[in-house]
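Student: model the following, please.
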Amino acid sequence: MKPQRTLFLASQSPRRQDLLALHNIPFQVIPNLLQDEVFPDTLTHIHTHVKDLCHEKARQSKAHHQGLVLTADTII
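Tutor: Okay, here's the model as predicted:
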């Protein structure tokens with residue numbers, strides 16, 4: 001049997017925490033370590049920007065935590 005890896009949630013969103021808890025998924029909340037969230041002047045491909053932003057947040061957080069890092073983003 002594989003050892004379980006820790007799931008780190010790089011989000012302060014109470015809703016994301018509730019969703020994981022609702023499904024009995026153990027996790028640890030960590031701060032989003034991405035320092036600057038830069039938004040391009042034109043957002044013609046918003047879904048690509050959100051995906052890239054999440055990947056960068058995960059990459060920054062993964063450098064400081066051993067395990068799985070879950071990130072998400074919401075654009076309003």
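
Student: so how many other residues sit close to Leu70?
Tutor: 19 (other CB atoms under 10 Å). Quick note: C-beta positions are derived from backbone N, CA and C, even for glycine.

Student: to clarify, my last question referred to Leu34.
Tutor: 17.

Student: is it correct that it is in contact with Glu56?
Tutor: Yes. Using CB atoms under 8 Å, Leu34 is in contact with Glu56, at 5.7 Å.

Student: tell me which element His49 falls in.
Tutor: helix 46-62 (DSSP states H and E).

Student: over to His65?
Tutor: Under the criterion of DSSP H and E, His65 resides outside all helices and strands.

Student: identify the residues contacting the residue nearest to it when sequence neighbours are not counted.
Tutor: Leaving aside its chain neighbours, His65 sits nearest to Phe8 (4.9 Å; criterion: CB to CB, 6 or more residues apart in numbering). Contacts for Phe8 (CB atoms under 8 Å, 6 or more residues apart in numbering) come out as Phe27, Gln28, Val29, Ile30, Ser61, His65, Gly67, Leu68, Val69, Leu70.

Student: can you turn the buried part of those residues into a PyMOL selection?
Tutor: Only the buried members of the contacts of Phe8 enter the following PyMOL selection, criterion being 16 or more other CB atoms under 10 Å:
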select buried, resi 27+30+61+69+70
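
Student: for the worst-scoring helix or strand of the chain on mean pLDDT, which helices and strands make contact with it?
Tutor: The weakest-scoring helix or strand in the chain, judged by mean pLDDT, DSSP states H and E, is helix 46-62 (a mean of 81). The helices and strands touching helix 46-62, judged by 3 or more CB pairs under 8 Å, 6 or more residues apart in numbering; DSSP states H and E, are strand 68-70.

Student: and the strand it packs on, how far out from the chain's middle?
Tutor: The chain centroid and the centroid of strand 68-70 are separated by 7 Å, computed with CA atoms, centre = their mean, to the nearest Å.

Student: neighbouring strands - and their directions - for it?
Tutor: strand 7-9 (parallel) (DSSP bridges).

Student: no further questions, thank you.
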